[in-house]
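In: Any chance you could fold what I've pasted below:
(4 chains)
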2 protein chains.
Amino acid sequence: MTSKPKFTPERRRQILEAAVEVIAAKGLCDTRISDIAERAGTSAALVIYYFHTKDRLLTEALTFAEDRFYLQTFHELTNIASASDRLTRLIEISCPPEVRSDEIVGEWILWVELWSRALRDEDVARKREALDRRWRSTIAEIVRDGQQAGEFADIDAADFSLRLAALIDGLALQVVLGDRDVTATRARSLVLDVARRELQFGEALTP
Amino acid sequence: MTSKPKFTPERRRQILEAAVEVIAAKGLCDTRISDIAERAGTSAALVIYYFHTKDRLLTEALTFAEDRFYLQTFHELTNIASASDRLTRLIEISCPPEVRSDEIVGEWILWVELWSRALRDEDVARKREALDRRWRSTIAEIVRDGQQAGEFADIDAADFSLRLAALIDGLALQVVLGDRDVTATRARSLVLDVARRELQFGEALTP
DNA sequence: CGCCAAACTGAATGGCCGTTCAGCACTCCC
DNA sequence: GGGAGTGCTGAACGGCCATTCAGTTTGGCG
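Out: Numbers count the residues shown, from 1 in each chain, chains lettered A, B, ... in the order given. Model (predicted):
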């Protein structure tokens, strides 16, 4: 309101954050530059001044958000010693929680928007690919750590991480779309079961 | 071209098919009524005349396409006797093939568009939910058939079908988005491996 | 044939929104 | 103080596009 924030990089971030919020709330299609400007507390003209075109702004906002979320998650995981605990936490973080936390659900909404954009924009497609590769590498890394520590069974880490990531995507999607057959807790426990069964750690399985 | 098709229901279908093609090619956001009209060989005014509003047309087109695809798949499966063959075929059909067949890839593109729409439109969300429920039921049905015939191990059919459907979603998505780490054949064989391992059918597993 | 309803259309209409632009305010440096 | 550069803005501009409308064609039917 009264504050008059200047200085380019700070402004940039403000606008990106506003863009992320608007996209999550209204969807890519219905996002207007003026909405973003309003939420950022400036004018539409300034938004264009910083990003030149709406297209570039939207692309940058999507990757900005996903990148930030990844770094946050990654940072949290580095504080956990055991591989099985790290994997468990990773699953908990990535599956949407039962209570509709705007933070996590918003993150998944942005993924869906990112996917639809990546279908038509080669540039976005490559950025998405890089984000997902990094994510799967992180899982694979945990698996290999656990295997070296003797916590996990000796299965192929690359295959497992791809399967696990895909399963999380598929289940989280259902939860975010509000499917009444797929509650958040059910999704989470399915993923955890798969991980425990395949890597053979944690609670005993009763088959 | 020269033909002059009339009669309401036929026209309706023509327009819906045109809409589906345009959406798959350009995406929901960039789909114009005039594009659809042009492809259907009529005027934009007629399109509105039939569907009243663009919104309704798009929603109807998306569910029309997915419904048609499901029925087609379902019909093909009914001709297969053994449950394991049926499940194998279901997986083959739903995973995008290596050669970019417009038919299947288009189907997946439409799913992504449907998801992003379902995020904001309760009506679309419910329709999507119904489509997915039917799909998972189809899988569960096959599993139960196979179990009764002694082909499959006795695991929980509902859980398995949810997990399998989610895995297919997640992997097919990567393929359709052009991720270079996830080829179509790799995705397909991962899904088949999971199914065979969990249900214990087909080729021997070498763990 | 003549009449009616329904299918269909081309040409407006009206609103929206990305982008441009001319200029204001502020700060820094000489 | 004044000149310059930069952050910033309000007010156009211009194009696009869903929707409307007034009117034409078509086909069936008495």
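In: Next, the spatially closest residue to A:Arg196 that is not a sequence neighbour: secondary structure please.
Out: In this structure, A:Arg196 finds its nearest non-sequential neighbour in A:Gly202, 4.7 Å apart by CB to CB, 6 or more residues apart in numbering or on different chains. For every residue, glycine as well, the C-beta is placed using N, CA and C. Classification of A:Gly202 using DSSP: H, G, I helix; E, B strand; the rest coil returns coil.
In: Now do the contacts for A:Gly202.
Out: A:Ser84, A:Thr88, A:Leu192, A:Arg196 (CB atoms under 8 Å, 6 or more residues apart in numbering or on different chains).
In: Kindly state the pLDDT recorded for the last one?
Out: Yep, that's A:Arg196 we're talking about. On pLDDT, A:Arg196 comes in at 97.
In: again with the third one
Out: Note for A:Leu192: predicted pLDDT of 97.
In: And the closest residue to it other than its chain neighbours, how close does it get to B:Thr78?
Out: Distance criterion CB to CB, 6+ apart; nearest residue to A:Leu192, sequence neighbours excluded, is A:Ile91 at 5.7 Å. Distance of A:Ile91 to B:Thr78, computed by CB to CB, to the nearest Å: 38 Å.
In: Now do the domain split for chain A, please.
Out: Residue ranges for the domains of chain A, per automatic domain parsing: A:1-52, A:54-199.
In: and chain A, which residues reach DNA strand C?
Out: By CB under 7 Å from any atom of the strand, the residues of chain A that approach DNA strand C are A:Thr31, A:Arg32, A:Ile33, A:Ser34, A:Ala44, A:Ala45, A:Ile48, A:His52, A:Thr53, A:Lys54, A:Asp55.
In: make it 10 Å
Out: A:4, A:6, A:29-37, A:43-49, A:51-58 (CB under 10 Å from any atom of the strand).
In: Only the buried members of these: can you turn that into a PyMOL selection?
Out: Buried members of the residues of chain A next to DNA strand C, defined by 16 or more other CB atoms under 10 Å in any protein chain shown, are picked up in PyMOL with:
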select buried, chain A and resi 31+33+35+36+37+47+51+54+57+58
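In: on that earlier part again, output the contacts of A:Gly202 in a markdown table; the columns should cover neighbour count, secondary structure and distance to DNA strand D.
Out: Formatted as a markdown table, the contacts of A:Gly202 follow (neighbours: other CB atoms under 10 Å in any protein chain shown; DSSP: H, G, I helix; E, B strand; the rest coil; distance: CB to the nearest atom of the strand, whole Å):
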| residue | neighbour count | secondary structure | distance to DNA strand D |
| --- | --- | --- | --- |
| A:Ser84 | 19 | helix | 48 |
| A:Thr88 | 19 | helix | 44 |
| A:Leu192 | 17 | helix | 45 |
| A:Arg196 | 18 | helix | 50 |
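In: which among these gets closest to B:Asp132?
Out: The closest of the contacts of A:Gly202 to B:Asp132 turns out to be A:Leu192 (CB to CB; 22.0 Å).
In: Surely the closest one and A:Thr88 touch.
Out: Yes. Between A:Leu192 and A:Thr88 there is a contact under CB atoms under 8 Å: 6.8 Å.
In: on contacts alone, who are the packing partners of the helix or strand of chain A with the lowest mean pLDDT?
Out: Across the helices and strands of chain A, mean pLDDT, DSSP states H and E gives its lowest value to helix A:102-118, namely a mean of 93. Using 3 or more CB pairs under 8 Å, 6 or more residues apart in numbering or on different chains; DSSP states H and E, the elements in contact with helix A:102-118 are helix A:8-26, helix A:54-78, helix A:122-148, helix A:157-176, helix B:102-118.
In: need the contact list for A:Ala153.
Out: Applying CB under 8 Å, 6+ apart, the residues near A:Ala153 are A:Gln147, A:Glu198, A:Leu199, A:Gln200.
In: Quick check: residues of chain A near DNA strand D?
Out: A:4-12, A:14-15, A:34, A:37, A:40-50.
In: okay, the residue of chain A at minimum distance from DNA strand D: pLDDT?
Out: Proximity of chain A to DNA strand D (CB to the nearest atom of the strand) peaks at A:Ala45, 3.0 Å away. Per-residue pLDDT puts A:Ala45 at 97.
In: what does the least confident helix or strand of chain A rub up against?
Out: A:20-21, A:23-24, A:27-28, A:58-59, A:62-63, A:65-66, A:69, A:93, A:96-97, A:124-125, A:127-128, A:169, A:172-173, A:175-176, B:27-28, B:112-113, B:115-116, B:119, B:173, B:177-178.
In: what pLDDT, on average, does stretch A:200-207 get?
Out: On average, the pLDDT along stretch A:200-207 is 69.
In: A:Glu98 is in contact with A:Arg186, isn't it?
Out: No. Using CB under 8 Å as the test, A:Glu98 is too far from A:Arg186 to be in contact (9.8 Å).
In: Settle it for me: which of these two has more neighbours?
Out: Taking other CB atoms under 10 Å in any protein chain shown, A:Glu98 and A:Arg186 do not tie; A:Arg186 has more neighbours (17 against 13).
In: just checking, what packs against the strand or helix carrying the more buried one?
Out: If you go by DSSP states H and E, A:Arg186 is part of helix A:184-199. Applying 3+ CB pairs under 8 Å, 6+ apart, one finds that helix A:184-199 contacts helix A:83-94, helix A:157-176, helix B:157-176.
In: Kindly reformat the ones you listed as JSON lines containing mean pLDDT.
Out: Formatted as JSON lines, these follow (pLDDT from 0 to 100):
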{"stretch": "helix A:83-94", "mean pLDDT": "97"}
{"stretch": "helix A:157-176", "mean pLDDT": "98"}
{"stretch": "helix B:157-176", "mean pLDDT": "98"}
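In: Format those as JSON lines; extra columns: distance to B:Glu151.
Out: Converted to JSON lines, the helices and strands packed on helix A:184-199 look like this (distance: least, CB to CB, whole Å):
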{"stretch": "helix A:83-94", "distance to B:Glu151": "32"}
{"stretch": "helix A:157-176", "distance to B:Glu151": "23"}
{"stretch": "helix B:157-176", "distance to B:Glu151": "13"}
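In: Nearest to A:Glu151, out of those?
Out: In terms of CB to CB, the element of the helices and strands packed on helix A:184-199 nearest to A:Glu151 is helix A:83-94, at 5.0 Å.
In: Having no further points to raise, I will conclude here.
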